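**Q** How does the following fold in three dimensions:
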Amino acid sequence: MADENKLYDEADQLKAAGKLDEAAAKLGEALAINDQYALGHSAMAVVLQKMGKHEEAIEHACKVAELDPMDPFSFTALSVTYQRAYAGTGNMDYVRLAEEAMERSRQLSQG
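**A** Numbers count the residues shown, from 1 in each chain. Model prediction:
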């Protein structure tokens, strides 16, 4: 059985080749092995966002912030995910959520 890091690497290659469905499936396998795998959730958020699956992407980006709540980058990435969801849907709620996530990132960066 492959480990989550190997599956992540395979998913990354698939994503680079534009095979988003296959990349998402590989990342799903990685997360089935270890649902606490922050890098896997982060990559899944990116892949799902590219597929236009904004709500699912947000779930994974939120999981990254939950797994690493003291990492400013987790909240920056969450903000970007919300911004892209807004761009893809026009839902203004995402603007507020993006701003909140970015503010949390700033707070963590300042210590």
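
**Q** could you say which helix or strand contains the nearest residue to Cys62 once chain neighbours are set aside?
**A** Once flanking residues are discounted, Cys62 sits nearest to Leu78: 6.5 Å by Cβ to Cβ, 6 or more residues apart in numbering. The way it works is simple: take the backbone N, C-alpha and C, and place the C-beta from them, glycine included. For Leu78, the element it lies in under DSSP states H and E is helix 72-89.

**Q** got the CA positions of the helix or strand just after that helix in PDB?
**A** Following helix 72-89 in sequence order, the next helix or strand is helix 93-110 (DSSP H and E). Extracted as PDB, the C-alpha positions of helix 93-110 are listed here (Å, rounded to 0.1, in the frame of the first residue of the first chain):
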ATOM      1  CA  ASP A  93     -20.200  36.200   1.600                       C
ATOM      2  CA  TYR A  94     -16.900  34.800   0.400                       C
ATOM      3  CA  VAL A  95     -15.400  38.400   0.400                       C
ATOM      4  CA  ARG A  96     -16.100  38.800   4.100                       C
ATOM      5  CA  LEU A  97     -14.700  35.300   4.800                       C
ATOM      6  CA  ALA A  98     -11.600  36.000   2.800                       C
ATOM      7  CA  GLU A  99     -11.000  39.200   4.700                       C
ATOM      8  CA  GLU A 100     -11.500  37.400   8.000                       C
ATOM      9  CA  ALA A 101      -9.000  34.700   7.100                       C
ATOM     10  CA  MET A 102      -6.400  37.200   5.900                       C
ATOM     11  CA  GLU A 103      -6.800  39.200   9.200                       C
ATOM     12  CA  ARG A 104      -6.200  36.000  11.100                       C
ATOM     13  CA  SER A 105      -3.100  35.400   9.000                       C
ATOM     14  CA  ARG A 106      -1.900  39.000   9.800                       C
ATOM     15  CA  GLN A 107      -2.500  38.500  13.600                       C
ATOM     16  CA  LEU A 108      -0.500  35.200  13.600                       C
ATOM     17  CA  SER A 109       2.300  36.800  11.600                       C
ATOM     18  CA  GLN A 110       2.600  39.600  14.100                       C
END
